[in-house]
Each structure stands twice: as C-alpha cells, then as structure tokens.
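Participant: Quick one: sequence plus predicted model below, questions after.
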Amino acid sequence: MAGDMAQVDAVIHRRLASEVALINQISHYIVSAGGKRIRPQLVLLFARALGFEGPERFEMAATVEFIHTATLLHDDVVDESALRRGRKTANALFGNAASVLVGDFLYSRAFQMMVSVDRMRVLDVLAEATNVIAEGEVLQLMNMHDPDTSVEDYLRVIRYKTAKLFEASARIGAVLADATPETEAACAAYGQALGTAFQIVDDLLDYEGATAALGKNVGDDLREGKPTLPLLHAMSHGTAAERDLIRHAIEQGEVERLDEIIQIVRRTGALEATRQAARDEAQRAQQHISALPPSQFKDALLTLSVLAVDRQF
C-alpha cells in the first residue's frame, strides 16, 4: 500500500495548510510523528478489496487520520500526557489551550473534506462516528479511578472511543465502492473487532512493554487511574492483599509500586488472558470478511488482524 499511502500523505500535508502559523506548527508536529496509520489504510484496503479505485479514497483516508489526530490532541490534554510516539506531546510543548484549539481545527477541516466528496452517506457515517467517540471520552472519564468498573463497561469505552473510528474507516471504504448494505455492515463489523483488539493490546503493553518501544511511559494508564483489562483480571484472580493494592493504585493514580503491580499482573495470568481477549476479537474480524471476494487486499486485511494482536509496540 506504499503508493496509495504516499498519495494520502500528500493530501494530509496539503489539507493541513493554514494562514495561522501556530496551527501549521502544531499540526505538522503531531502528524509528522508518524504512527501506524491503520485507519486510513482500512479505507484504502476496503475500497480496493471491493473494486473502487477513485481518488476520493485518498481524501477520505486523510479525513479519518485528521479525526484521529484531533482525538489524540484532546486526549493528551485530558490525560495530562507528556510523551507520545517517543516525542513530547503537543500539550507539553505548546500548552493545553493551543492543543485543544488545533484539535478543533483538525476536526473542522475533516468535515470540510467530508463535504468535498459530495456523498451524504459519508457524512452520515463520519458525523456519527465523531459523536460516538466524544461519548466514549466521557465514558472513560466516568470510569477513571474506579476499580469497580466492570469488564463490560471497559469494553464499552473501547467500542466507543477507539473501535468506532476503525469501524467507520472500514465502512467508508465500502460506501465509496457502493457496496450492498450487507457488505457494508460486514466491513464495519471487521473494523469494530479490529479496533477493539488493537486497544486491548495497547492496554496490555502498558504492563508488558518498555517505554522506549512504546513511545509512551510505561504505567501511564495506572497513573491516569484507568482500570484496564490487565488490572481487572489481576484483581479478580489475585489475593485479597493484591486486590487491595491494585484498587488503591487505581483510586489514587499511584505508580510508586508499579513494579510490584506488574508482577501481580504477570503472576495472575492477566497478560495471557488479555492477549487472548484481543486474539478472540481478531478472529471475529476475520470471520466478518470471509465473504469478500479473494484479492491481495483481503489477504492484507486478514494479515492486519494478526499483526494487530501480535505487535509489541
């Protein structure tokens, strides 16, 4: 997909342009940090898998990346994060106010780009997605520092906050190809499952990875009081003393005993259970696209679901 992604990058840099210097500076800073670009790739892969090769796919791929980048800017302010993708966050460099406002610029620019393809269904899908993502952000805020969060509530936040844009990206590829409602729904279901798997692995890596590989500080989730699946599993399978330790750490956002908590997470099998939960989602994603016609693009989507689970960063 290198050639197609080069076209998307060209759209991104063209559409980032603003007469306001600070907007240019911050947006270029965060976009140039790279990232996996999975969401735009989903637009491109599904469009090609369903036979669509029009230039609109590049505009829509860039649009979902702008929406994603806007959420990152806002997330880092809410979470008071200092490191992302191995670099200082925009809010750490430029301040919270500038980061929030440039995030707003990227959201509004994304809506300008949606309108440019003149497809009401595209607007419908992406407008709904951005609204659900905002709901997910609030749901996560409500769960912060709450060790009694259920696995169901945890997964609901993921479906809203992360998986929704994966779902919308996959669906947009199908919409561009004028796919049947049944095919569009199957593509969307793949995206939701993939996005869920991806976020579960992200949460796993906060206790399994290393800061240098992750591009963020290990233990950030605990510091922010996020009751993620590794901790929920460890609490339900640990001793009373271990459960109390993790509960207190979530409630207070304390990382002083992070090493001890990581050992509990490992001893209780929480890492393996979390990875298996992600693997189950990936298998669900694969099943949803079984009816797509054979192609190298379908093969790439199947491979992507495996890579999303097996990655170490």
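Facilitator: Alright, I've got the coordinates.

Participant: tell me what the strand or helix carrying residue 299 is packed against?
Facilitator: Residue 299 is part of helix 296-310 when elements are defined by DSSP states H and E. If you count contacts as 3 or more CB pairs under 8 Å, 6 or more residues apart in numbering; DSSP states H and E, helix 296-310 packs onto helix 38-49, helix 181-208, helix 270-288. Any C-beta I mention is one placed from the backbone N, CA and C, and that applies to glycine too.

Participant: Could I get the buried residue list for that helix?
Facilitator: 297, 298, 300, 301, 302, 304, 305, 308, 309 (16 or more other CB atoms under 10 Å).

Participant: Closest to residue 133 out of the residues you listed?
Facilitator: residue 308 (19.0 Å; CB to CB).

Participant: Any stretches of the chain with poor pLDDT?
Facilitator: 34, 85, 209-216 (pLDDT under 70).

Participant: Let me see the ranges of the strands in it.
Facilitator: 83-84, 87-88 (DSSP state E).

Participant: Need the winner for burial among these.
Facilitator: Greatest average neighbour count among the strands of the chain goes to strand 83-84 (a mean of 20), per mean count of other CB atoms under 10 Å.

Participant: isn't residue 223 right next to residue 252, touching?
Facilitator: No. In this structure, residue 223 is not within contact of residue 252 by CB atoms under 8 Å, at 10.0 Å.

Participant: the more surrounded of the two?
Facilitator: Set residue 223 next to residue 252 and count neighbours by other CB atoms under 10 Å: residue 223 wins out with 19 against 13.

Participant: My understanding was that residue 217 contacts residue 82; is that so?
Facilitator: Yes. The pair residue 217 and residue 82 passes the contact test of CB under 8 Å, sitting 7.3 Å apart.

Participant: Can I get the buried residues of helix 296-310 in a markdown table including distance to residue 59?
Facilitator: Putting the buried residues of helix 296-310 into a markdown table (distance: CB to CB, whole Å) gives the following:
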| residue | distance to residue 59 |
| --- | --- |
| 297 | 19 |
| 298 | 23 |
| 300 | 21 |
| 301 | 21 |
| 302 | 26 |
| 304 | 22 |
| 305 | 26 |
| 308 | 25 |
| 309 | 30 |
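
Participant: can you count the residues close to residue 241?
Facilitator: Residue 241 has 9 nearby residues by other CB under 10 Å.
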